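K.L.:
Give me a model of this one.
(one chain, ligands or ions: 1)
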Amino acid sequence: MKYLDNMLEVGALLPDYMGFIFWEKSSRYFDGVMPDLPNSIKKTGVFVNETVENIVKKVQTHDLQAVQLHGHESLEFCVNLKTQLAAGIEIIKVFSVADDFDFSVLEPFEEVCDYFLFDTKGKLPGGNGTTFDWKVLEKYPSTKPFFLSGGIGLDEMDAVNEIIKTHLPVYAIDVNSKFEIEPGLKNLEALQCIAIKNK
Ligand SMILES: O=C(O)c1ccccc1N[C@@H]1O[C@H](COP(=O)(O)O)[C@@H](O)[C@H]1O
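P.N.:
Below you'll find the model as predicted:
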C-alpha cells in the first residue's frame, strides 16, 4: 500500500495483513505516514536485504506487527533480527520458487521464522506478477504454515480454493500487483470480490 485514502478503503475490508514496501527501488515504495487502521490488521513491512537496524527503526516508527524479508536474508540475519525485535513481531521469510526449488533450505529457518512465504522467482525480488507452478508445493516437507504469493489475481481464485482444500498448511493468500490500478494503488472492486467470498 502506498496511498493514504486507498489504505483506509482497503483497511475497511479488514484484510488480516497489509503490506508496506520499504525497498526504495520498488514502484510501491512507501515513504508516507501510517494511517490509523483497524487493530486486527497486521501492518507488515516488506524489506529486501535491509539492515537489522533499519528494520527495527521502521517497525518502531510505523508500529508494524510483522516483517516480510523478501531478499537473501541469511539464517544468522533472521536470528539476530529476532533478538532485536519486540516479542510478538512476526517474521515472515520469503523464498523465491522455481520448478527446481530445493525445500531442504527451509529447515534451518523453521525455528526463527513465524511463517514462510512462497513467491515466484523472477527478475525483481518481488512484485513480478507471475505465478509459479504450485505443483512443486507437493514436495513441501514441513508443517510450518506459509503464505502463498506471486501473481495471484481473480483468475487464480479457483486454483487458490483448490490448494486450500489440500493437506498443505496454506496460512494466507498474499495478493499484490494483480489487484492494482497502478503500482501501489489497490483496486477496491477487485478486492471486494475476494473479501466477500471469504466471509
Ligand atoms: O511489490 C513490490 O514492488 C515488491 C518489491 C520488493 C519485494 C517485494 C515486493 N512485493 C511482494 O511480492 C509478492 C508478490 O507480488 P505479486 O503478486 O507477484 O505482484 C508479494 O508478497 C508482495 O508483497
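K.L.:
Show me the strands in the protein, by range?
P.N.:
Per DSSP state E, the chain carries strands over the ranges 17-21, 42-47, 66-69, 90-97, 115-120, 146-148, 170-173, 180-182, 185-186.
K.L.:
For the longest one, name the packing helices and strands.
P.N.:
Meaning strand 90-97. When contacts are defined as 3 or more CB pairs under 8 Å, 6 or more residues apart in numbering; DSSP states H and E, strand 90-97 packs onto strand 42-47, strand 66-69, helix 75-84, strand 115-120. No exception for glycine: its C-beta is placed from N, CA and C like everyone else's.
K.L.:
winner for burial among those?
P.N.:
For those, the largest average neighbour count (mean count of other CB atoms under 10 Å) is found in strand 66-69, namely a mean of 25.
K.L.:
what about the helices and strands packed on strand 90-97, which gets the closest to residue 2?
P.N.:
Across the helices and strands packed on strand 90-97, residue 2 has its closest neighbour in strand 42-47 (11.7 Å, CB to CB).
K.L.:
Would you mind writing the CA trace of that closest one as CSV?
P.N.:
Coordinates of each C-alpha in strand 42-47 appear next as CSV, following Å, rounded to 0.1, in the frame of the first residue of the first chain:
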residue,chain,number,x,y,z
LYS,A,42,-1.2,-6.6,11.0
LYS,A,43,0.8,-3.9,9.4
THR,A,44,3.6,-5.6,7.6
GLY,A,45,6.9,-4.1,6.5
VAL,A,46,8.4,-5.7,3.3
PHE,A,47,12.2,-5.5,3.3
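K.L.:
Mind checking the pLDDT average for that strand?
P.N.:
The average pLDDT within strand 42-47 is 98.
K.L.:
Kindly report the same for stretch 61-77.
P.N.:
Here stretch 61-77 scores 98 as its mean pLDDT.
K.L.:
and what of stretch 191-199?
P.N.:
Mean per-residue pLDDT for stretch 191-199: 74.
K.L.:
Any chance of CSV for the helices and strands packed on strand 90-97, columns distance to residue 98?
P.N.:
CSV is the format used below for the helices and strands packed on strand 90-97 (distance: least, CB to CB, whole Å):
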stretch, distance to residue 98
strand 42-47, 21
strand 66-69, 19
helix 75-84, 21
strand 115-120, 8
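K.L.:
wait, which of these is closest to residue 102?
P.N.:
That would be strand 115-120 among these, by CB to CB, at 12.9 Å.
K.L.:
Now do the closest one against strand 42-47, angle only.
P.N.:
Our comparison of strand 115-120 with strand 42-47, counting by axes from the mean of the first three to the mean of the last three CA atoms, to 10 degrees, yields an angle of 60 degrees.
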